[in-house]
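# below is the sequence, then the predicted model.
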Amino acid sequence: MSQRIAPPAGPGESLGALLTQLRQAQGKSQVRLAGLLCAVSGLPTLTRHEISRWEREERVPSQAWLGWLALVLDTPVDDLERAAARTRRRREPTMTPTTPTTLATRTTLATRTTPTTTTLATTTTPTIRTAPTTTTALAGTPPAGPAGRGGAGARGPAQAGDGEPDRRGRIAELRRMDDLLAGPELLALVRTELRAAARDATAGHGAPAQVAELAQLHTWVATDAGRHPPDGILRSGVRAALAAGDRALAGHLLGCHAQAVAERGDGPAALRAAGAAERVAAGSDPATTTVLSLRVAFAAAQAGDRRTCDTALAAAGHAHARARGRPGLAPPWLYWLDAAHADALAGLCLAAAGRPAAALAHLTAARRSPTVRLRAAGLVTAATAHAHLAAGDLDAACDAAAEALLTCVDSGSFRVLGRLRRLEPALHAAAGPGRPPAALRAYTALAESAATCLPGAAPPPVRPAPLRSGPVRLPGTAAS
């Protein structure tokens, strides 16, 4: 992970001074900083003039922009929020009742929280006005004016008390469905709900946090269905979460993206995304901290950075101990996190880091739990096969791979299938030349027989039964 270049903010430092200090310490011009903010936010119209206004404290960035600034400047968002609060307090005696709307007309990322439109550049609550790059793009409809309420300030779990109750129930149901099945049918359901939530947010009837939750769910469901989710959906979800004041959810979205990138084999990019997720969600509840630390550990393992992996695993262990002592703080989208799933994720990290003995201890504990099933069980069992192979036990690796293959058939998960496809050449390489051992022959035969049942396989052709000559005899009748 990248290191902070500038020293931490002083106890009474204002936001303008802090932004200037961070930017100059990293050798970034105002033009460069504006360009980076445009790139990560997906909003192409922010200019150096707005950076200058922030640094001169003519304006104070909204909560959403503070999140993006923390990401680009590699600094804890809490430092920026404290500095922004100091600047707001100092500005209060001279502030006018109405706030400027210039930037909102350029960026169109604001929401109507009062009868007067607020903007991203104002000192009030971060808000969201849908534009083709945000919820309107997800809804598939043209911009329709100011959107609905976006919430105020930093809050707890995204679903607490906002949005449509029926949709909250449907989101929970879709999460449970994702636990049990995968494929284009579920993806279509999630996409439909995401577009409906985006349309409601555009019309002022929905909550940006629900758009963010559905964007996160869409990322996982699409990946598990063998589709590469568009980056625009992820960015829109992060923007919606930040606009709703839910940094934990924004970090969770970035962490899911990091996991997906790591599973595709790009460890360095995944590590950058996982580090960004931790920074955005700094100070979140222990459950979120646990999962984000495990995302960093897995990305670091894929990148070959063992030290960062070990440090992140230790942090995840401490955070999970706190989470188990305070279960009521976990957000609803981490309902699945228990001791078994924490063991499973730690085992995946250790297996990827080339530490089979430690990995097997965690993976074996996870496999014993009834809560780790279907796709999760397939991922854990495939990692178990990888760990056995790294430990030199080819027979045990083949047995675990066969179990993972059957789980892949049951779950229809492309993620499990991808793990197996990467494992199979290593199994054959470990067997060496000559006749394969019995365990590998058994796995190969099972893989061949299950080929048409795996996700993405074409169904076997249906051959009509050959016509027989002679009289037709009905069942239960004797031949004449």
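Received it, and whenever you're ready, just let me know what you need. Numbering: from 1, shown residues only.

# okay, now the unreliable bits of the chain?
Where the chain drops to pLDDT under 70, the residues are 1-12, 91-164, 458-480.

# give me that answer again for 80
In the predicted model, the chain carries pLDDT under 80 at residues 1-13, 39-45, 90-165, 205-206, 457-480.

# next, the buried residues of the helix or strand that contains residue 78.
Using DSSP states H and E, residue 78 maps to helix 77-91. Neighbour-count burial for helix 77-91 flags 77, 78, 79, 80, 81, 82, 83, 84, 86, 87 (criterion: 16 or more other CB atoms under 10 Å). Where you see a C-beta, it was placed from the backbone N, CA and C, and this is true even at glycine.

# who's in contact with the first one?
Think residue 77. Contact analysis of residue 77 by CB atoms under 8 Å, 6 or more residues apart in numbering lists 66, 67, 69, 70, 247, 279, 280, 282.

# using JSON lines, lay out those residues together with secondary structure.
Shown next, in JSON lines, are those (DSSP: H, G, I helix; E, B strand; the rest coil):
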{"residue": "66", "secondary structure": "helix"}
{"residue": "67", "secondary structure": "helix"}
{"residue": "69", "secondary structure": "helix"}
{"residue": "70", "secondary structure": "helix"}
{"residue": "247", "secondary structure": "helix"}
{"residue": "279", "secondary structure": "helix"}
{"residue": "280", "secondary structure": "helix"}
{"residue": "282", "secondary structure": "coil"}
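
# which one of the residues you listed is nearest to residue 18?
Of all these, residue 18 sits closest to residue 69, with 9.7 Å by CB to CB.

# how far away is the closest one from residue 16?
Here residue 69 is placed at a distance of 12 Å from residue 16 (CB to CB, to the nearest Å).

# so between these two, which is more surrounded?
A side-by-side neighbour count of residue 69 and residue 16, using other CB atoms under 10 Å, places residue 69 first with 25 against 20.

# can you pull the contacts of that one?
With CB under 8 Å, 6+ apart, residue 69 has these contacts: 19, 37, 61, 75, 77, 80.

# for the residue lying closest to the first one once chain neighbours are set aside, give its distance to residue 253.
In space, and not counting its chain neighbours, residue 19 is closest to residue 55: 5.2 Å by CB to CB, 6 or more residues apart in numbering. Counting by CB to CB, the separation of residue 55 from residue 253 is 29 Å.

# where do the strands sit along the stretch 1-150 of the chain?
Counting by DSSP state E, counting those that start in this stretch, the stretch 1-150 of the chain has no strands to list.

# how about the helices of it, start to end?
15-25, 30-41, 48-55, 63-73, 77-91, 102-107, 135-139 (DSSP state H, counting those that start in this stretch).

# residue 407: what's its closest spatial neighbour, skipping adjacent residues?
Nearest residue to residue 407, sequence neighbours excluded (CB to CB, 6+ apart): residue 378, at 3.7 Å.

# which SSE is the one you found in?
Taking DSSP H and E as the criterion, residue 378 maps to helix 374-390.

# residue 314: which element?
Residue 314 belongs to helix 306-325 when elements are defined using DSSP H and E.

# ok, the one residue sitting closest to the centre of the chain - contacts?
Residue closest to the mean C-alpha point of the chain, counted by CA atoms, centre = their mean, is residue 256 at 2.0 Å. If you count contacts by CB under 8 Å, 6+ apart, residue 256 has them with 216, 219, 220, 295.

# what sits against the last one?
So that's residue 295. Applying CB under 8 Å, 6+ apart to residue 295 gives the contacts 255, 256, 258, 259, 262, 274, 277.

# report the angle between the helix or strand encompassing it and helix 306-325.
Element membership of residue 295 [criterion: DSSP H and E] is helix 286-303. Between helix 286-303 and helix 306-325, the angle comes out at 160 degrees (axes from the mean of the first three to the mean of the last three CA atoms, to 10 degrees).

# buried residues in helix 286-303?
Residues 286-303 are the ones in helix 286-303 that count as buried (16+ other CB under 10 Å).

# kindly export it (C-alpha atoms) in PDB.
This file holds the C-alpha atoms of helix 286-303, laid out as PDB (Å, rounded to 0.1, in the frame of the first residue of the first chain):
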ATOM      1  CA  PRO A 286     -15.500  -3.700  13.700                       C
ATOM      2  CA  ALA A 287     -17.200  -6.000  11.200                       C
ATOM      3  CA  THR A 288     -16.500  -3.700   8.200                       C
ATOM      4  CA  THR A 289     -12.900  -3.300   9.400                       C
ATOM      5  CA  THR A 290     -12.500  -7.100   9.600                       C
ATOM      6  CA  VAL A 291     -13.700  -7.600   6.000                       C
ATOM      7  CA  LEU A 292     -11.700  -4.700   4.600                       C
ATOM      8  CA  SER A 293      -8.500  -6.000   6.300                       C
ATOM      9  CA  LEU A 294      -9.100  -9.400   4.800                       C
ATOM     10  CA  ARG A 295      -9.500  -7.800   1.400                       C
ATOM     11  CA  VAL A 296      -6.100  -6.100   1.800                       C
ATOM     12  CA  ALA A 297      -4.600  -9.500   3.000                       C
ATOM     13  CA  PHE A 298      -5.900 -11.400  -0.100                       C
ATOM     14  CA  ALA A 299      -4.800  -8.700  -2.500                       C
ATOM     15  CA  ALA A 300      -1.400  -8.500  -0.900                       C
ATOM     16  CA  ALA A 301      -1.000 -12.300  -1.100                       C
ATOM     17  CA  GLN A 302      -1.900 -12.200  -4.800                       C
ATOM     18  CA  ALA A 303       0.700  -9.400  -5.200                       C
END
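
# so how far is it from its chain's centroid?
From the chain centre to the centre of helix 286-303 is a distance of 11 Å (CA atoms, centre = their mean, to the nearest Å).

# what of stretch 296-305?
On CA atoms, centre = their mean, the centre of stretch 296-305 falls 16 Å from the chain's centre.

# for stretch 166-176, same thing?
Computed by CA atoms, centre = their mean, the chain-centroid distance of stretch 166-176 equals 18 Å.

# thinking again about what came up before, make JSON lines out of the contacts of residue 295 and add distance to residue 225 and secondary structure.
Below are those laid out as JSON lines (distance: CB to CB, whole Å; DSSP: H, G, I helix; E, B strand; the rest coil):
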{"residue": "255", "distance to residue 225": "20", "secondary structure": "helix"}
{"residue": "256", "distance to residue 225": "15", "secondary structure": "helix"}
{"residue": "258", "distance to residue 225": "20", "secondary structure": "helix"}
{"residue": "259", "distance to residue 225": "16", "secondary structure": "helix"}
{"residue": "262", "distance to residue 225": "19", "secondary structure": "helix"}
{"residue": "274", "distance to residue 225": "23", "secondary structure": "helix"}
{"residue": "277", "distance to residue 225": "23", "secondary structure": "helix"}
